[in-house]
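[1] Here is my input, please return the structure:
(2 chains)
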There are 2 protein chains.
Amino acid sequence: MATREGNEQSVLHRVPPLLTDLYQFTMAYAYWRARRHNEPAVFELFFRDNPFGGGFSLFAGLSDCLLFLQNFTFSDDDVEYLRSVLPADTDAAFFTYLKELDCSAVCVSAVPEGSVVFARVPLLEVSGPLAVVQLLETSLLCLVNYASLVCSNAARFRLAAGPRRRLMEMGLRRAQGPDGGLTASRYSYIGGFDLTSNALAGRQFGIPVAGTMAHSYVTSFSSLEEVWPQTLVPCGGAGPIDFICLVKGWLGRVCQLLGSKPNLIREGELAAFLSYAIAYPQNFLPVIDSYSVSRSGLLCFCSVALGLDELQYRPLGVRLDSGDLCRQSLEVRRVFKECSKHFSVPQFESLLIVGTNSISEQSLSELNKKDNEIDVVGVGTHLVTCTRQPSLGCVYKLIEVRGRPRMKFSEDLEKSTLPGRKSVYRLLDTDAHPLMDLVCLSEEPAPKAGVALNCFPLGLDKTVQSITPAHVASLRLEVFSRGKITFPLNSASESRERAQISLQSLHPHHRRLQEPHNYTVALSERLHSLVSDITIGNGKGSNFLLSN
Amino acid sequence: MATREGNEQSVLHRVPPLLTDLYQFTMAYAYWRARRHNEPAVFELFFRDNPFGGGFSLFAGLSDCLLFLQNFTFSDDDVEYLRSVLPADTDAAFFTYLKELDCSAVCVSAVPEGSVVFARVPLLEVSGPLAVVQLLETSLLCLVNYASLVCSNAARFRLAAGPRRRLMEMGLRRAQGPDGGLTASRYSYIGGFDLTSNALAGRQFGIPVAGTMAHSYVTSFSSLEEVWPQTLVPCGGAGPIDFICLVKGWLGRVCQLLGSKPNLIREGELAAFLSYAIAYPQNFLPVIDSYSVSRSGLLCFCSVALGLDELQYRPLGVRLDSGDLCRQSLEVRRVFKECSKHFSVPQFESLLIVGTNSISEQSLSELNKKDNEIDVVGVGTHLVTCTRQPSLGCVYKLIEVRGRPRMKFSEDLEKSTLPGRKSVYRLLDTDAHPLMDLVCLSEEPAPKAGVALNCFPLGLDKTVQSITPAHVASLRLEVFSRGKITFPLNSASESRERAQISLQSLHPHHRRLQEPHNYTVALSERLHSLVSDITIGNGKGSNFLLSN
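    Residues are numbered from 1 along each chain as shown, chains lettered A, B, ... in the order given. The predicted model follows:
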C-alpha cells in the first residue's frame, strides 16, 4: 500500500528529519523539559490566499509528506550535531529521547493530492505528541508549499493553453537546484502538463519525456563534409541511398517553389539536419532558428523532411525558439501547406510546430487569442519559478492541545488562526459544481444534502448566510495512522487525473484565470462562536491573567 | 584537494547524470552516429543580464559543479532507462559507449566561487569531447543558475541592511523542496548572511544556526499550571528559587512602572515564557507578538527577563513577527531603557530585537531610512524565492569545435553568442576598483598594466574605446583537468569571505542597489573582428551554401 505505482520514488530518496528549522528543536526541548512533550496536540496546514490572483489552487506534495513521516527518525550523527548546536545547558536525556523518536503516534488526515482547494481551508491535519508534531512543521511545509504552487501554476498554464495544445515542461536549468527541478517536473505534470524534458523525472515518476536538439547541435556543424554516414536506407528495405544528394535535389525544388535564394542557406545548418535525420529518421524535429528561420532553417527542414518522406519516413516537425512565435508559426505552416500541395505530400500540412520562447501564462493566453499554428508549447522559467508569485505561503498552526482549542492572535488580523479540531465539507449545487467549503468543528454532525444550514463566510465578518447544499462531500481522508500510510500513495498520473476531474467540476466563474468569482469558504455557527469566545477572552484559549 | 573543509558535503550527496534534458542524449547519439562525439569542443556558461535591476552579480555553484563532474558516470539502470525512451532505431552500441563515459577528458576553467561578475562575461569554460560536454549542459546550468541568483540576492540584502545589522536566512519552508532549501541556505550565507534557521544546512555547510521559538510554542500554553519545573537554580550555584513567584513579583513592578494593566496579560504567554526560560535560562529570546506586544508579550518578556537577571542569567532579547516592525522596535527599546534605568539593569538597554515579517530588499532599505531598533533581521520568502526576479537565465553555448569558432545567430539579436575560446581580464584603476572586464581570444597576449589598448564595449555596437588599466587580473582559473578537481574546493565561509572582499573592491557607483552605473564589458579588437567576420559570413563559422 505504501509504494507508488511502477518504480516511482520520492523526490529525494529520503528527506532527512534534520531538514527543519533549529527552533523546532529548541521548542521540542522546552516541551520535553516541561514534561509536555507527549501531550496530545493537533496542527493544521493551510494557505491564506489563492496564488496568482486566481480563484483556486491545487493541493500537492502529499505523497512526499507521507514518505517523510514514515521514515522519520534521527540518526546518531543527527543527534550529535544537535547536541553541538543546542545550548550547553540542554539536559543530555533529551538527546536519548530524540534518538527514539518516530511518527508511530502520529495521525494525519488530508485532502487527496491533485484536489482543487481554496485559501483558509485546512488541507492537512496532523495530530500526535506535542513535541513530535511540532518537529514536523518545517519539513511538511517545505514539501507542500512549492509542490502545490507549481502544480497550481501548471493548471493555469493548462487552462490558458486550451485542451488541444500539448504542454511540455522544460525548466530544470532554471529551478532551485537538482531537486527543485525534479519537484517542478513531477508537480507540473500533475497540474496538467503532458511532457517533460527532464530525463530523471521521466524515470522516477513515469512522466513522458521529449526533446530532440538544441542550437549547439546545429552550430557544431559547419560543412556537409561532417555528415556521416551520407547514406540512408529507405524505410522498409532496399539499399542505402545517397541522402545528401537526394536532399540537395529537394533543396533546389523547395527554393524554386518558394522563390528563396539558395546562397543564403547555412551549410552547417543543412549538415546538422541531414546528420540528425540520418541518425533518427523516425524522429526528425529540428530547431530551425539558429541562423534565420525563413532564409535558412525552414528551407533546410523542408528539404530534409521531403527527402525523408521520399524514403517512406515520417518527419515530425520543427521547433521555434526565438522571435515572434505566432507570426513565424503562420509562415511555417504556410510553407508546409505549399510544399504539401505542390509536392503531393498530404502529411506535410500537419507537421508539428513546437514553440519555446520564454512562454508565460499571459503570453500563452495571448497566443490563444492570436492566429497561430503552434501545436506544442514548451515552458521553462515562468512555470518552475512561478515568476508571478514564487511562494504559496502555506502555514502550519497549532489548533488544539490536550483537547483544548488553541488560537493565535496577531497584530496583523489576517495572521490569526482558527482554533479547534475541524471537519471540512464541500457543498455542491444540483449540477455537482462546488458551491462552498464549510469548515466545522469535528464534533459537529456533517451537513446534510437538501437541508438548509447557517454559516459565516470568511472575510464577511459577522454576516450569517443560509445555504442548502444539493450534495455534500467530506474533503479530507485519513492518510496516516500510528506510523503507517493508510491511503494508497498515488502515482503522478493518478494525481494528474484527479486534478483534471477536480478542475472540471469547478464552475467556470471560479475556474477562470482573470477576475474569478470569489469561492466561499465559511465557518459553521459553532466554529464561529468558538472564535468569538476565544477572541473576547471568555473561551478555552489563553485566559487573561486575572490576578498576580 | 577535492574535499571541502570540515565535513561539508555537496548539496545533494550525488547529482545523478540523468538529471538533464532528454535532448542532450538524442544529440549525443547523433554526434556519436556521425562519428563526431570525440571531436574537441568548447562550451561557455554566462548570463545575459545582471539580476534584480542591479549592476553586478555573484558567481556561485562552482563546487557543486566540480563534484558533479568528478562523479559523472551512468549506472546500468540509467542506461536501461535511456534505452527505453530513446527511439527504437537507436544503435545498441551507443548504450555501451554511454556506460563507459566519464569526464576524464574534460577540462574546466572558471571564475572562483563568490567573485563579483557581470552579464555577458563567460564564467565557466568547459572543454572536452563534443558529446560529453554537450551532455553536461543542463546539470551545470541547474547547479549555477539558482546558486548565483540567490547568492546575488543575499548580497543585495546585505548591502541594504548595512554592515551592523545581522541577517538570518529562514526560507526553508518556502523554497523549491528540500534541496532548494539547502541550496538557498548555503548560497545566502556565501552572499553575506550571518545565520540560518536550517539545521541540515548548519550541519552540512558549517553555517551558524539560530532560532528559539514559534507562535505555536506560545499558544500551546494556557495556564501557569503547565509550567514545570517551577523553580530555577541561580546561575553559579545556590538552591532552587520559585521562579514563577519571582517573576510574578517583577510583573507587578513592570506593570506599575509602565502604567500597564495586568489583567490584559495572557496567562498562557507568561507560562510559555517562564517555561522556556526555565529550560534555557541562557538563551531566552521569545517571540512576543502571539497576542498583543504592548499589552501582553512585552510585559511578560520584561518580567521573565528581569527574573533571569536577578538570578544572574543574561536574557538575549525578543522577536517581533507581525505588524509595523520599526514602530514596535522603538516602543520595545523605550521600554527596555526604562526598565534598565528604573531597575538598574544596564544590559537591559542593549537587548537584541529580532524582526522577521516578510522582509524584502525594499523593506530592508526602507528600514535603514526610518528610525528603528532592530538588531537582527530574519528573511525567508523574498530571499529564497528571489521574488523580484526568480531566475538568472544562465546559458551554456558552444563556442568552438575542432579549433574552429562557433556562433549562434538568432531572430533575437541579444540571443546571439560570442564565438571562439577566450580569456577574460578584469582591468582595474589606480585605486584597484574594477574598471572593465575585457573578453579576448585566448591566443591573444594579456593586456598590460599601464599600456593603452583599444576595445569595443558590448551594447555600444561599433564604438571603439581606448583604456589604460592600472592593474590587470585574469578572471578565470583552471579548476578541473582530465577528470580531476585541480583547485581547492572552497568551504562556504571561504567563498563568503571572497564575496565580501570582491564586493568591497567595486566602485560604489557600480555596487549601489538603485540605478547603478553600467559596468563595462568589452571585446578585444580581435574578438570583435571575429564576430564581424562570422556575422557577415566570411569567417570560420557556418558558411553559406554557395552551390547546390
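
[2] only C-alpha atoms for contact and neighbour calcs from this point on.
    Noted.

[3] just checking, A:Cys326 touches A:Ile374?
    Yes. Contact criterion Cα atoms under 8 Å: A:Cys326 and A:Ile374 qualify, at 7.3 Å.

[4] Counting neighbours, go ahead and name the busier of the two.
    The neighbour comparison of A:Cys326 against A:Ile374 (other Cα atoms under 10 Å in any protein chain shown) goes to A:Ile374, with 24 against 19.

[5] And the pLDDT at the residue lying closest to that one once chain neighbours are set aside?
    Of all residues not flanking A:Ile374 in the chain, A:Ile353 sits nearest, at 5.1 Å (Cα to Cα, 6 or more residues apart in numbering or on different chains). With respect to pLDDT, A:Ile353 scores 98.

[6] All the strands of the stretch 351-500 of chain A, in order from the start?
    For the stretch 351-500 of chain A, the strands defined by DSSP state E, counting those that start in this stretch cover A:352-355, A:376-379, A:395-401, A:404-405, A:422-428, A:434-441, A:453-457, A:465-467, A:471-474, A:477-481, A:484-485.

[7] would you turn those into CSV with mean neighbour count?
    Below are these laid out as CSV (neighbours: other Cα atoms under 10 Å in any protein chain shown):
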stretch, mean neighbour count
strand A:352-355, 23
strand A:376-379, 22
strand A:395-401, 25
strand A:404-405, 21
strand A:422-428, 21
strand A:434-441, 23
strand A:453-457, 19
strand A:465-467, 12
strand A:471-474, 18
strand A:477-481, 19
strand A:484-485, 21
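
[8] Save those strands as CSV, and put in distance to B:Lys341 too.
    Formatted as CSV, the strands of the stretch 351-500 of chain A follow (distance: least, Cα to Cα, whole Å):
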stretch, distance to B:Lys341
strand A:352-355, 70
strand A:376-379, 62
strand A:395-401, 38
strand A:404-405, 40
strand A:422-428, 49
strand A:434-441, 49
strand A:453-457, 50
strand A:465-467, 55
strand A:471-474, 59
strand A:477-481, 55
strand A:484-485, 57
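
[9] mean pLDDT for the ones you listed: which is lowest?
    strand A:404-405 (a mean of 93).

[10] any bit of that strand sitting next to chain B?
    No. Judged by Cα under 8 Å from any Cα of the partner chain, strand A:404-405 stays clear of chain B, getting no closer than 9.2 Å.

[11] ditto for stretch A:138-155
    Yes. Applying Cα under 8 Å from any Cα, one finds that stretch A:138-155 is in contact with chain B at A:Thr138, A:Ser139, A:Leu141, A:Cys142, A:Leu143, A:Asn145, A:Tyr146, A:Ala147.

[12] Helices - which of those land there?
    A:Thr138, A:Ser139, A:Leu141, A:Cys142, A:Leu143, A:Asn145, A:Tyr146, A:Ala147 (DSSP state H).

[13] Flag the shaky bits of chain A, pLDDT-wise.
    Applying pLDDT under 70 to chain A flags the ranges A:1-13, A:410-413, A:537-542, A:546-548.

[14] Find the centremost residue of it, please.
    With distances taken as Cα atoms, centre = their mean, A:Cys151 lies nearest the centre of chain A, 2.3 Å away.

[15] does that residue really touch A:Phe193, like I thought?
    No. Counting by Cα under 8 Å, A:Phe193 is not a contact partner of A:Cys151; they are 9.4 Å apart.

[16] on that earlier part again, in a helix, that's where the residue nearest to the centre of chain A is, yeah?
    Yes. Applying DSSP: H, G, I helix; E, B strand; the rest coil, one finds A:Cys151 inside a helix.
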